[in-house]
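In: How does the following fold in three dimensions:
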Amino acid sequence: AHRIQCFIKRYHGWQRQPKVISVQQVVEEALSKMIGETIVVIGCGRTDAGVHASQYFLHFYAPFVFDQPVAGQAGFDAKFRLNKMLPTDIAIFDVLPMEGRVHAQYGPISRTYDYYIHFNKDPFLQDRSSYYPSEEEGFDLLAMKEAVGLLTQYNDYRAFCKQPDLYEHTICEVSVANLWISPNGEKLKFQITANRFLRGMIRFIVGRLVEIGKGKLTVDQFEHGLKTLEFFKYKNPAYPQGLYLSKVLYPYLDLPSRADFGMGQEAWQEI
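Out: This next block holds a predicted model:
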């Protein structure tokens, strides 16, 4: 199993696709070159184009065991070799030998995503956070917080799914949903944890939260979608670049995220 971080500006998401570059393709090519035979990897999720991952797991089957380097011995340092071969926007944090029938995609018991918004135009954040200009009176953060508080009270997210008919069901058990503000009040962070997520779910939720913050949607209308599962009249998703897969939890593996996404070491304050 590998734990990696990837900043997905120039990739068309995780999954290998014809005629476009993907993170999976780049990682597979590096692994295949290092091992000397074709390697296929399984990732923990799709991760759409423009979305980032500060923690991401994949698994693959290798023809031999990688010996970790120890004092006085070279060993086969797969982590070092892969990081030398991979581009600077993909980093390998760990190479872990696993026992039994572990599966990167189907094994997690929960995933956590962070979504970052900045209110003032900043060229240094354009690919790392989503820019939503603050109105003259500012965003209604308390209304947004009220809507966020509803997410753990419902478990059917059909109204927030891009293609709900692709799934056998649209039930998602959201265990954590919080809204945070930076000390200077110029950045916002939305965090959500669930046992599973539907395609486009988080970006559709954030899109509605932004509308609430701007006064274009009420909290009651937001809750109506959760209650009735009816599609919203306007279903534009939030921008992709603000979204990060930040934590993947397995019953047998719990590793901390090791990146701050370049957003600074601010003491985020819960709203």
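In: Give me the neighbour count for residue 42.
Out: Look at residue 42: counted by other Cβ atoms under 10 Å, it has 15 neighbours. Every residue, glycine included, has its C-beta placed from N, CA and C.
In: Please tell me how far it sits from residue 16.
Out: Using Cβ to Cβ, to the nearest Å, one gets 11 Å for the distance from residue 42 to residue 16.
In: Residue 233: neighbour count?
Out: Residues near residue 233, counting by other Cβ under 10 Å, number 7.
In: Look at it and give its secondary structure.
Out: Secondary structure, DSSP: H, G, I helix; E, B strand; the rest coil: residue 233 is coil.
In: ditto for residue 28
Out: Per three-state DSSP, residue 28 ends up helix.
In: got a pLDDT number for it?
Out: The score at residue 28 is 95. That number is its pLDDT.
In: so what's it up against?
Out: Counting by Cβ atoms under 8 Å, 6 or more residues apart in numbering, residue 28 touches 16, 39-41.
In: One more: residue 134?
Out: 119-120.
In: what's the answer for residue 145, then?
Out: Contacts of residue 145 by Cβ under 8 Å, 6+ apart are 179, 271.
In: Check residue 249 too.
Out: Contacts of residue 249 by Cβ under 8 Å, 6+ apart are 108-112.
In: sec struct for it, please.
Out: When classified by three-state DSSP, residue 249 comes out as strand.
In: What confidence value was assigned to it?
Out: As summarised for this prediction, residue 249 has a pLDDT of 96.
In: so how far is residue 93 from it?
Out: 16 Å.
In: pretty sure residue 208 is touching residue 147, no?
Out: Yes - using Cβ atoms under 8 Å, residue 208 makes contact with residue 147 at a distance of 7.4 Å.
In: which residues do these two both contact?
Out: What both residue 208 and residue 147 touch, as defined by Cβ under 8 Å, 6+ apart, is the set residue 222.
In: What segments of this structure are strands?
Out: Listed in chain order, the strands of the chain (DSSP state E) span 2-6, 42-43, 52-59, 90-95, 110-118, 130-131, 174-181, 187-194, 243-249, 269-270.
In: Residue 141: which of the ones you listed is closest?
Out: Closest to residue 141 of these, according to Cβ to Cβ: strand 174-181, at 6.8 Å.
In: Could you list the buried residues of the closest one?
Out: Buried positions in strand 174-181, judged by neighbour count with 16 or more other Cβ atoms under 10 Å: 174, 177-181.
In: again with stretch 36-43
Out: Going by 16+ other Cβ under 10 Å, stretch 36-43 has these buried residues: 39, 41, 43.
In: Provide a list of residues in contact with residue 179.
Out: Going by Cβ under 8 Å, 6+ apart, residue 179 touches 141, 144-145, 148, 188-191, 270-271.
In: Looking at those residues, which one is closest to residue 213?
Out: Out of the contacts of residue 179, the member with the shortest distance to residue 213 (by Cβ to Cβ) is residue 144, at 4.8 Å.
In: How about residue 201: what's its closest non-neighbour residue?
Out: Nearest non-adjacent residue to residue 201, counting by Cβ to Cβ, 6 or more residues apart in numbering: residue 160, 5.0 Å away.
In: Check the burial of the one you found by counting its neighbours.
Out: Around residue 160 there are 29 residues (other Cβ under 10 Å).
In: nearest spatial neighbour of residue 48, skipping sequence neighbours?
Out: residue 13 (4.9 Å).
In: Ignore what I typed, I meant residue 210.
Out: Residue 210's closest residue in space is residue 132 (Cβ to Cβ, 6+ apart), at 5.6 Å.
In: distance of the one you found from residue 213?
Out: 8 Å.
In: Same drill for the two, tell me which one is more crowded.
Out: residue 213 (25 against 18).
In: residues contacting that one?
Out: Neighbour list for residue 213: 139-141, 143-144 [criterion: Cβ under 8 Å, 6+ apart].
In: Pick out the most distant pair among the residues you listed.
Out: Across the contacts of residue 213 (Cβ to Cβ), the longest gap, 8.7 Å, separates 139 and 143.
In: and these two? which has more neighbours close in?
Out: For residue 139 versus residue 143, the count of surrounding residues by other Cβ under 10 Å is larger for residue 139: 22 against 18.
In: Now for that one: which residues touch it?
Out: By Cβ under 8 Å, 6+ apart, the contact set of residue 139 is 119, 132, 188, 210, 213-214.
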